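Trainee: make a model of this:
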Amino acid sequence: MKTWLVRLLLSITIFATHLPAQTAALQTATVVSIDKVAADARHPEKEDQYKIAVRMGNTVYMCHGSGPAAAFLDWSPGKEFPAKLSDKILQVTSPNGLVVDLNIVGKKTPK
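Mentor: Model (predicted):
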């Protein structure tokens, strides 16, 4: 019984110490532009795809995202959202609480 309790407390401690590190990774992302990809009869899968440029710090990331229109309803140039940057994915939390994964296809930094 005591070892079970010790393991539980150790697990909670480890979880609690990693929580602030994950929260600190969130940054503010500003939408630079958003365009809906035109769907055609030959490519119906592009019906819910968007091309989005997002600025984080001095870098502008060109991204492709897909999802229901409700996920991108409040997105417009100049809007700011909390986001987390990984290697090739930018996770953005929209105002309605949906987390949208944007695939990074390019980036630009000022010289």
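
Trainee: could you report the neighbour count for K111?
Mentor: Using other CB atoms under 10 Å, the number of residues around K111 comes to 3. Every residue, glycine included, has its C-beta placed from N, CA and C.

Trainee: please report how far it lies from A53.
Mentor: 18 Å (CB to CB, to the nearest Å).

Trainee: ok, A39 next?
Mentor: A39 is 21 Å from A53, by CB to CB.

Trainee: how about F81?
Mentor: From F81 to A53 the distance is 13 Å (CB to CB).

Trainee: shared neighbours, these two?
Mentor: Common contacts of F81 and A53, defined by CB atoms under 8 Å, 6 or more residues apart in numbering, comprise V31.

Trainee: any idea which helix or strand in the chain has the lowest mean pLDDT?
Mentor: helix 2-24 (a mean of 59; mean pLDDT, DSSP states H and E).

Trainee: how about low-confidence regions in the chain?
Mentor: 1, 4-6, 8-24, 41, 43-46 (pLDDT under 70).

Trainee: the most centrally placed residue in it: what secondary structure?
Mentor: Centroid-nearest residue in the chain, with CA atoms, centre = their mean: Q91, separated by 1.4 Å. At Q91 the chain is in strand, as set by DSSP: H, G, I helix; E, B strand; the rest coil.

Trainee: just checking, it touches I104?
Mentor: No. Q91 sits out of contact with I104 when judged by CB atoms under 8 Å, with a separation of 10.9 Å.
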